[in-house]
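K.L.:
only geometry, no sequence info:
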């Protein structure tokens, strides 16, 4: 069985609060978008940084992920959900499970958050 670090809600709230309070709004948004997409370039664009092209966005994303305060926020959020590349490495891909999922939800009413992106 996979070992996942379990945190109490109070621990999560305190840890997230400590690291997020040191970030600007744009940096917080970058971290959340990075956690959502796993893509620093996309996170920069979605966080509202003014960039002229993907190369500049990639450079800003790279720089952001080298900043200790941003890395700390990313690490805290990884501790919350435990979904690291290592953890996911041997898990099935979406394409391998989509038919089973669609069979399961067939006929159900679904509420989808952020469907245009996902």
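P.N.:
Cool, the structure landed. Bear in mind that the values here come from a model prediction, so they are computed numbers and not experimental data.

K.L.:
centroid residue for this structure?
P.N.:
With distances taken as C-alpha atoms, centre = their mean, the residue of the chain nearest its centroid is residue 35 (1.2 Å).

K.L.:
nearest residue to that residue other than its sequence neighbours?
P.N.:
Leaving aside its sequence neighbours, residue 35 sits nearest to residue 77 (C-beta to C-beta, 6 or more residues apart in numbering; 5.1 Å). (Each C-beta comes from the backbone N, C-alpha and C, glycine too.)

K.L.:
so how far is residue 84 from that neighbour?
P.N.:
According to C-beta to C-beta, to the nearest Å, residue 77 and residue 84 sit 11 Å apart.

K.L.:
Neighbour count for the two, which is higher?
P.N.:
Under the neighbour definition other C-beta atoms under 10 Å, residue 77 and residue 84 were set side by side, and residue 77 has more, 19 against 10.

K.L.:
If anything else comes up later, I'll come back, but that's it for now.
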